[in-house]
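**Student:** next one to model:
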Amino acid sequence: MKKLLFASMVLIPVIFFASCSAGTENTASSSDSQQTSKTVQVVAAENFYGDIAKQLGGNHVNVTSILSDPNVDPHEYESTVQDAVRISDADVVIENGADYDTWMDKLITASPNPNRSEIIAAKIAPNVLPDNPHFWYGIDNMPAISQSITDDFKKADPSDSVSFDQNLATFNASIQNIQQKMNDIKAKYNGTPVALTETIGLYQTQAMGLVVLTPLEFEKAIAEGNDPPAETVQTTNDQINKKMVKVLIYNGQTVTPITSNLLDAAKKLNIPEVYVTETMPAGKTYQSWMTDQLNALQKALEQGVQ
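**Tutor:** Sure thing, here's the model as predicted:
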């Protein structure tokens with residue numbers, strides 16, 4: 001009995017110590033998990049990149065998009081003090097680059113943060129047309145851009161990497177649906193002549209095999225807010241007035257008297273027009289925005305080619 005009593009007295013402290021140690025380890029592990037899991041603060045220069053970031057990050061990110069109004073010319077946007085504060089507090093910032101949103105570069109430079117990661121689409125997009133910063137209209141650019149965003153989310157919040165990878169797979173699958181829509185249009189309308197008011201449409205018209213008759217110098221000048229050369233204006237007007245093109249693709253965010261005259265002439269001659277925007281309209285996702293515009297183009301081609 002004495003031996004049993006002694007053994008019990010020895011074992012009780014040992015069990016108690018082991019139990020406390022296990023509890024301490026579990027508490028530490030839980031604490032470590034809480035420390036590594038975080039809500040990633042994201043600032044996107046344009047709302048289409050912001051929407052993509054939301055889709056990729058899910059409930060593990062908080063996204064603010066600076067440019068959200070499709071009625072504002074992105075080239076002419078002037079940043080605010082509030083924008084600067086958002087940038088300074090961000091874990092990840094996303095911009096287009098290629099002199100499209102230079103105001104974003106100024107904000108980043110004015111608010112240095114060594115822990116902040118910066119994603120510039122111009123440095124990532126594999127399909128870049130000369131002097132054409134509208135990379136997001138190149139559907140084949142989006143897998144690389146979305147991968148870069150996902151990689152930075154995983155660095156900022158490693159504990160949610162599995163979730164980020166799953167969201168990326170879902171996003172890439174949805175992009176294939178847009179690509180299929182473009183393939184369908186190409187199969188039926190390859191070689192169809194069209195007009196553009198500016199370069200934003202080139203990423204998709206080229207991929208779909210549509211032939212843009214509008215002089216490139218005209219498109220570039222309108223895109224950059226300059227007056228196009230007189231001879232290109234005459235050529236573009238002739239292409240509309242002589243019904244050499246089947247559809248007019250019209251950027252509603254870079255409107256000038258010259259583009260307005262083209263639109264009026266197209267309407268009078270019953271040439272179908274398709275409105276596109278540089279900034280994603282409210283209530284849309286990147287996918288629904290691109291799909292809706294492609295559906296409108298498909299309908300316009302059906303009318304114009306009759």
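**Student:** would you mind splitting the protein into its domains for me?
**Tutor:** 40-176, 187-304 (automatic domain parsing).
**Student:** any chance of the ones you listed in a markdown table, plus mean pLDDT?
**Tutor:** Shown next, in a markdown table, are the domains of the chain (pLDDT from 0 to 100):
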| stretch | mean pLDDT |
| --- | --- |
| domain 40-176 | 94 |
| domain 187-304 | 97 |
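**Student:** quick one: those domains as CSV, columns for mean neighbour count too.
**Tutor:** C-beta coordinates here come from the backbone N, C-alpha and C atoms, glycine included. Listed next are the domains of the chain as CSV, based on neighbours: other Cβ atoms under 10 Å:
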stretch, mean neighbour count
domain 40-176, 18
domain 187-304, 18
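**Student:** let me see the contact set for the residue lying closest to I200 once chain neighbours are set aside.
**Tutor:** Distances taken as Cβ to Cβ, 6 or more residues apart in numbering place H134 nearest to I200, at 4.6 Å, with adjacent residues excluded. By Cβ atoms under 8 Å, 6 or more residues apart in numbering, H134 lies in contact with Y100, T199, I200, L202, Y203, E278.
**Student:** quick one: the nearest residue to the last one once chain neighbours are set aside from T199, how far?
**Tutor:** So the one you mean is E278. Distances taken as Cβ to Cβ, 6+ apart place Q253 nearest to E278, at 4.8 Å, with adjacent residues excluded. Distance of Q253 to T199, computed by Cβ to Cβ, to the nearest Å: 13 Å.
**Student:** hmm, back to that, how about the contacts made by the residue nearest to E278?
**Tutor:** Each residue near Q253 by Cβ under 8 Å, 6+ apart is listed here: P70, N71, V72, D73, P74, T277, E278, T279.
**Student:** next: V43.
**Tutor:** V63, T64, S65, I66, R86, I87, A90, V92, V93, I94.
**Student:** what about it, helix or strand, and which?
**Tutor:** Element membership for V43 (DSSP states H and E) is strand 40-46.
**Student:** how far does whichever strand or helix holds L301 sit from its chain's centre?
**Tutor:** Assigned by DSSP H and E, L301 belongs to helix 286-304. With Cα atoms, centre = their mean, to the nearest Å as the basis, helix 286-304 stands 19 Å off its chain's centre.
**Student:** what packs against that helix?
**Tutor:** On a contact count with 3 or more Cβ pairs under 8 Å, 6 or more residues apart in numbering; DSSP states H and E, helix 286-304 meets helix 47-57, helix 161-189, strand 247-251, strand 273-276.
**Student:** run through who's touching the first one.
**Tutor:** This means helix 47-57. Under Cβ under 8 Å, 6+ apart, the answer for helix 47-57 is 40, 42, 44, 61, 63-65, 67-68, 92, 94-96, 121, 136, 142, 145-146, 149-150, 153, 164, 167-168, 170-171, 279-280, 284-286, 289.
**Student:** who's Q41 bridged to?
**Tutor:** Taking DSSP bridges as the rule, Q41 bridges to N62.
**Student:** for S148, see how far away it is.
**Tutor:** 17 Å.
**Student:** likewise for A156?
**Tutor:** 13 Å.
**Student:** now do the contacts for the closest residue to H60 other than its chain neighbours.
**Tutor:** Distances taken as Cβ to Cβ, 6+ apart put D160 closest to H60, at 4.7 Å, once the chain neighbours are dropped. Under the criterion of Cβ under 8 Å, 6+ apart, the neighbours of D160 are S37, H60, F153, K154.
**Student:** closest to Q293 out of those residues?
**Tutor:** Nearest to Q293 among the contacts of D160: F153, at 27.9 Å, using Cβ to Cβ.
**Student:** on that earlier part again, how about the helices and strands packed on helix 286-304, which one is nearest N113?
**Tutor:** Using Cβ to Cβ, the helices and strands packed on helix 286-304 put helix 47-57 closest to N113, at 17.6 Å.
**Student:** kind regards, and thank you for your time.
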